[in-house]
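S.K.: got a predicted model here, sequence first, then my questions.
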Amino acid sequence: MYKLGMTGPKNRLIIAPSLLAADFLSLGAEAAAAERAGADWLHLDIMDGHFVPNISFGPQIVQALRPVTRLPLDVHLMIAPADPHIAAFAAAGADHITVHPESGPHLHRTLQLIRALGKKPGVALNPATPVDSIAHVLDLVDIVLVMTVNPGFSGQTFLPSQLAKIAALRRLVDDSGRPIALQVDGGITPATARQALAAGADTLVAGTAVFASPDYAAAIASLRAAAPSPRPALIETLG
Ligand code: DX5
Ligand code: ZN
């Protein structure tokens, strides 16, 4: 059953537009427009052409974006190794730093490093990466990201095979008792958002669905409308 996320303002659904699908010649304006349109976080996809078959941008762009928005900068590292670059992204103004377990030999140490730098650590699971890969590091994790495409590009098609993983992670996160965001990334549209939220996600990354739309506010509102209405009992519980 869908459970309201614990991480957002007033427990609401978190929408994190991904700048990968924005106009790269106007990243500052695009970030500001996403904020005005009602985004909660700004998702920044960092790709190295090695861990994934595409190259995007590095810490200089994160630093340049920092002053143009008050939104948390949700940095998704698709680079290997990640450890040597984490301090640079932290210094650039990242608020969340999410890594893939495959990007280094010591995930636990990487998460400790992110936390030691005062940032919220996340772990991203590729479509073939099992739920178990994070079972023993949940005490260090603030975000679990389920990739619903193979990482590397925006505009790909949502993989329904990942819905069972979202549901399994929902249980794991609930059992942990920690306020961990359960994020879904890749091929998110209002229709696939509905499926991901029903499976237990509470945080949506959306590239194409927002930045390829002529009206970012309407696009974000459509994603928000995909959330099932909470049952009255749940509203009472949450106050
Ligand atoms: C893919 C990235 C995603 C991507 C999502 O590797 O992690 O964040 O930008 O783009 P859409 O929403 O277009 O699939
Ligand atoms: Zn991403």
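M.R.: In hand now; what should we look at? Ligands and ions are numbered 1, 2, ... in the order given.
S.K.: what mean pLDDT does the longest helix along the chain have?
M.R.: The single longest helix within the chain, with elements called by DSSP state H, is helix 163-176. Helix 163-176 shows a mean pLDDT of 98 in the predicted model.
S.K.: what about Val131, neighbour count?
M.R.: Using other Cβ atoms under 10 Å, Val131 has 17 neighbouring residues. C-betas here are computed from N, CA, C, even on glycine.
S.K.: also Leu138?
M.R.: When neighbours are counted by other Cβ under 10 Å, Leu138 registers 19.
S.K.: grab the nearest non-local neighbour of it.
M.R.: Nearest residue to Leu138, sequence neighbours excluded (Cβ to Cβ, 6 or more residues apart in numbering): Ser176, at 4.7 Å.
S.K.: I'd like the next helix or strand past the longest helix of the chain.
M.R.: Going down the chain from helix 163-176, the next helix or strand is strand 181-185, by DSSP states H and E.
S.K.: report the inter-axis angle for that following strand versus helix 163-176.
M.R.: Relative orientation of strand 181-185 versus helix 163-176 (axes from the mean of the first three to the mean of the last three Cα atoms, to 10 degrees): 160 degrees.
S.K.: other residues contacting strand 181-185?
M.R.: Under the criterion Cβ atoms under 8 Å, 6 or more residues apart in numbering, residues 5-8, 14, 16, 18, 43, 76, 122, 124, 142-149, 162, 166, 169-170, 173, 193, 196, 200-205 lie in contact with strand 181-185.
S.K.: and stretch 33-41, by the same measure?
M.R.: 8-9, 14-17, 19, 22, 42, 69-74, 95-96, 203, 210-211, 216-217, 219-221, 224.
S.K.: end-to-end on it?
M.R.: 12 Å (Cα to Cα, to the nearest Å).
S.K.: for this structure, which spans come out with low pLDDT?
M.R.: 1-11, 230-239 (pLDDT under 70).
S.K.: rerun that using 80 as the cut-off
M.R.: 1-12, 229-239 (pLDDT under 80).
S.K.: now the strands: where do they sit in it?
M.R.: All strands of the chain, identified by DSSP state E, fall at 14-17, 42-47, 73-78, 96-99, 120-125, 143-147, 181-185, 203-206.
S.K.: re the thing from before, ok, the residue nearest to Leu138 touching Val137?
M.R.: No: using Cβ atoms under 8 Å, Ser176 is not in contact with Val137; the gap is 10.5 Å.
S.K.: what residues does this protein put near ligand 1?
M.R.: Taking Cβ under 6 Å from any ligand atom as the criterion, the chain approaches ligand 1 at residues 18, 20-21, 43, 45, 76, 149, 151-152, 154-156, 185-188, 205-209.
S.K.: same thing but at 5 Å, please
M.R.: 18, 20, 45, 151, 154-155, 185-187, 205-208 (Cβ under 5 Å from any ligand atom).
S.K.: picking up where we left off before, please produce TSV containing the strands of the chain, extended by distance to ligand 2 and mean neighbour count.
M.R.: Putting these into TSV (distance: least, Cβ to the ion, whole Å; neighbours: other Cβ atoms under 10 Å) gives the following:
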stretch	distance to ligand 2	mean neighbour count
strand 14-17	9	28
strand 42-47	4	25
strand 73-78	4	26
strand 96-99	8	26
strand 120-125	7	22
strand 143-147	7	26
strand 181-185	4	28
strand 203-206	5	29
